[in-house]
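Chemist: Next comes the sequence, and after it the predicted model I'd like to discuss.
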Amino acid sequence: MFRGFLSTWAGLIVNGVVAFLLTRVLIHGLGNFYYGLWILVSSVLDYYGLLDMGVRYSMQRFVARYGGANERQALNETFMTGVSMAVCIAAAACVLCAVLLVVLPGFFGLTGASRHLFRVLLVIQTATLVLDFPSRIMGAYLCGLHRFDLHNGAGITWGISRGIVFWSVIHLGGKVTGIAISQLIIVACLFVLYAFFVKLADPQLSMGWKHTSWARTKELMQFSFFVFVTDVGDRLRFYTDVIVISRVLSVALAAPFNVVTRLMEIFKMAFFPITGPLNTEANQLEGQKKFAPSKHLFLRSTKMCALLAFAGTTVLVLHGRDILRFWIDEAFTSNYSLLLVLTIGYCVVLMQSPSNVFLYVRSRHKALAAWTLAEGLANLALSIYWARQYGIIGVAFGTTIPMLVVRLGIQPFYTLKVMDVTWSEYLSKSFLRPALVTAGVLGIASVSGLLRRPPNLLVFAAMMIALGLLFAALSYWIVLDGGERESLRHRGALLMQRVKPKLATSN
């Protein structure tokens, strides 16, 4: 799990930095309208992800269980069944694309050249996703085998390649179609890389179509259905806002809203190093009937997610204007209120990320699916209603308010019952120490000048590093208990033992 944690953090840092820098490059290179059109097409295609019906999550779950039990035939059947389903999903995506080419341009009020460009982008992006579906299945297989290093290696390759190629296209005067075509080529290369990694991780894997199994299909689909319903709710919650803004307001307004939601996506990425390996680890513990260690893992992972949520929220609330100013330009600081509203909602959702994982692990995700779908529908309805009255800030409120109602008023009560955890345990072991660290950081920062407005980017970077180090130091002594500190020191020592011989050889 530790190797998966480190490799996921490496992927997070690389892809987060690339996404952060690319947003500025694309906005200034394409302009608000064409960048908004690119984001609109991407938001529409995000819903293509629903076609996998939750298969990827189910793949990781069953691969982790069969791998732990060393059931070779079951692994072969699960992998090939997943690949076969990906092929069917790709075919469905092509059919759906043909329908959307007719319907969507008129729905968004696009005419003339913009109508034609929207259709071109939709076709290219659909082709990209057709190649991406099997890659996602292979990525889920790698995660189920605990090979997060290979999965994240492919993700890092994707991020770096995308950053270099997109920058080159913009620098050479390329347009949004050039961006789309270059992304298609990168995804095609990534498909080959994933196939190589799967064979490297599991040399005994048999990839013949004879291993496709109807029994495995039913097994995956039975678990996947409520994963799919949850996914529908998540997409209504996170990916409808740009569509609402483009339809109710204008395509150009999608650009500033996307800048803020891009920050939220980077905020979410900080939790992947925990929830990815956690899913595999928790499934193995549950499969072995180790319920006490599973409960301990739930409380510990919630504590770490709470710490990350509080830290991220602190930075975004106190320095959100500075981030927007140095990232894009001074004009975008007018969107700070938008950032503030969304940050509150995302904080509440993200600090409870382990709850979602364990509800899936214990197959108690039907309720999660129901309230996530209800939350997504409420988000859609409120965003449309308030967008007409208050503009894009109304869309932000439409997203945040259902989050707060569901994630504070419903989810914790159900999760604690499932995990057999009392409220006193939950609050004291998961939230008390992260809250103390946050209070300590705010106190020290207020007297040391870390909360003032930085005059330039260099000072701002130094302030962010200082805040990060302050959070890390206080967390080490307050959030981590004695056993966790000892484990961290031991892992660090092992890592240094591996690095030193390589450095000596290099020198």
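Modeler: That came through fine.

Chemist: Show residues contacting stretch 19-32.
Modeler: Contacting residues not belonging to stretch 19-32 are listed as 35, 38, 159, 162-163, 166-167, 170, 175-176, 179, 252, 255-256, 258-259, 262, 265-266, 327-328 [CB atoms under 8 Å, 6 or more residues apart in numbering]. To be clear about C-beta, it is placed using only N, CA and C from the backbone, and glycine gets the same treatment.

Chemist: For the spatially closest residue to A396 that is not a sequence neighbour, list the residues it contacts.
Modeler: Taking CB to CB, 6 or more residues apart in numbering as the measure, A396 lies nearest to V341, with 4.3 Å between them; neighbours along the chain are not counted. Counting by CB under 8 Å, 6+ apart, V341 makes contact with I393, A396, F397, T400.

Chemist: Quickly find the element holding the third one.
Modeler: With elements taken from DSSP states H and E, the one containing F397 is helix 392-409.

Chemist: Which of the residues in that helix are classified as buried?
Modeler: Along helix 392-409, these residues count as buried under the neighbour rule (16 or more other CB atoms under 10 Å): 392-403, 406-407.

Chemist: ok, H365 - how many residues close by?
Modeler: Here the number of neighbours of H365 (other CB atoms under 10 Å) works out to 24.

Chemist: Pretty sure it sits against L359.
Modeler: Yes. Counting by CB atoms under 8 Å, L359 is a contact partner of H365 at 4.8 Å.

Chemist: Now do the shared contacts for these two.
Modeler: Between them, H365 and L359 share no neighbouring residue, with contact defined by CB under 8 Å, 6+ apart.

Chemist: list the contacts for M304?
Modeler: Residues touching M304, when contacts are defined by CB under 8 Å, 6+ apart, comprise I274, V479.

Chemist: M351 now?
Modeler: Contact partners of M351, counting by CB under 8 Å, 6+ apart, are T302, C305, A306, L308, A309, F310, F431.

Chemist: would you list every one of the helices in the stretch 151-300 of the chain?
Modeler: With DSSP state H, counting those that start in this stretch as the criterion, the stretch 151-300 of the chain has helices at 176-201, 214-238, 241-244, 254-269, 272-287, 291-327.

Chemist: Out of the ones you listed, which is closest to S84?
Modeler: Closest of those to S84 is helix 214-238, at 7.9 Å (criterion: CB to CB).

Chemist: Check which helices and strands that closest one sits against.
Modeler: helix 55-68, helix 72-107, helix 365-390, helix 392-409 (3 or more CB pairs under 8 Å, 6 or more residues apart in numbering; DSSP states H and E).

Chemist: For the longest one, buried residues please.
Modeler: Translated: helix 72-107. By neighbour count, with 16+ other CB under 10 Å as the criterion, the buried positions of helix 72-107 are 74-86, 89-90, 93, 97, 100, 104-105.

Chemist: on that earlier part again, buried ones among the contacts of stretch 19-32?
Modeler: Among these, those scoring as buried are 35, 38, 159, 162-163, 166-167, 170, 176, 179, 252, 255-256, 258-259, 262, 266, 327-328 (criterion: 16+ other CB under 10 Å).

Chemist: Quick one: distance of the longest helix seen in the chain to the chain centre.
Modeler: Scanning the chain for the helix with the most residues, using DSSP state H, yields helix 2-46. In terms of CA atoms, centre = their mean, to the nearest Å, the centre of helix 2-46 is found 11 Å from the chain centre.

Chemist: Ok, stretch 87-94 next?
Modeler: Stretch 87-94 has its average C-alpha position 23 Å from the chain's average C-alpha position, going by CA atoms, centre = their mean.
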